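> Predicted structure and sequence below. I'll ask about it afterward.
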Amino acid sequence: MLEAVLTLSATIFVVLGVLDFGQFLHLHQALTERVRGVARRGAIANYDTSSIQNLIAYGTTTPEHPDLPGFLGLRTSNISVVFSGANTNATRLNVTISGLNYLVISPLIAGRLTNVPIKVTVPMETP
């Protein structure tokens, strides 16, 4: 009986750890791809800051309900958009996502954690 309890508890810890790690990888990869795609689209179409934030968070430049959380819980306050090197050939669009919380269910580190900041920089297309 004791061996079964020890084996089962160790197995549950491992399974929950794998689920949490998989959730983190999915969240990070989905956000990275979304930011990369929107940043490239924004650099080509010369979108402004709020349009890029709305495209990342809600999938449209004019969301119907901007007060609700968007893609994977994103809000526009989690998204920073900076244009650097203005009026030069080295104009860049820098997009950063930070401060997004997600739930961890592993018993030893359970709670809400904050994602690692995701930074994407793309060159602006100038006509």
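Done, it's in. Residues are numbered from 1 along each chain as shown.
> give me phi/psi at the residue most central in space within the chain?
The chain has residue 31 as the residue nearest its centroid, 3.6 Å off, counting by CA atoms, centre = their mean. The phi/psi pair for residue 31 (degrees, to the nearest 10) reads phi -70, psi -40.
> Please name the residues that touch it.
Contact analysis of residue 31 by CB atoms under 8 Å, 6 or more residues apart in numbering lists 71-72, 74, 97, 100, 115, 118. For glycine as for every other residue, the C-beta is placed from the backbone atoms N, C-alpha and C.
> swap in residue 110?
residue 104.
> Which stretches in this protein count as strands?
79-84, 92-97, 101-104, 111-114, 118-123 (DSSP state E).
> From the contact counts, what lies against the first one?
Under the contact criterion of 3 or more CB pairs under 8 Å, 6 or more residues apart in numbering; DSSP states H and E, the helices and strands touching strand 79-84 comprise helix 49-58, strand 92-97.
> for residue 51, what are its contacts?
Neighbours of residue 51 in contact, by CB under 8 Å, 6+ apart: 42, 61.
> now with 6 Å?
Counting by CB atoms under 6 Å, 6 or more residues apart in numbering, residue 51 touches residue 61.
> beta partners for residue 118?
Applying DSSP bridges to residue 118 gives these bridge partners: residue 97.
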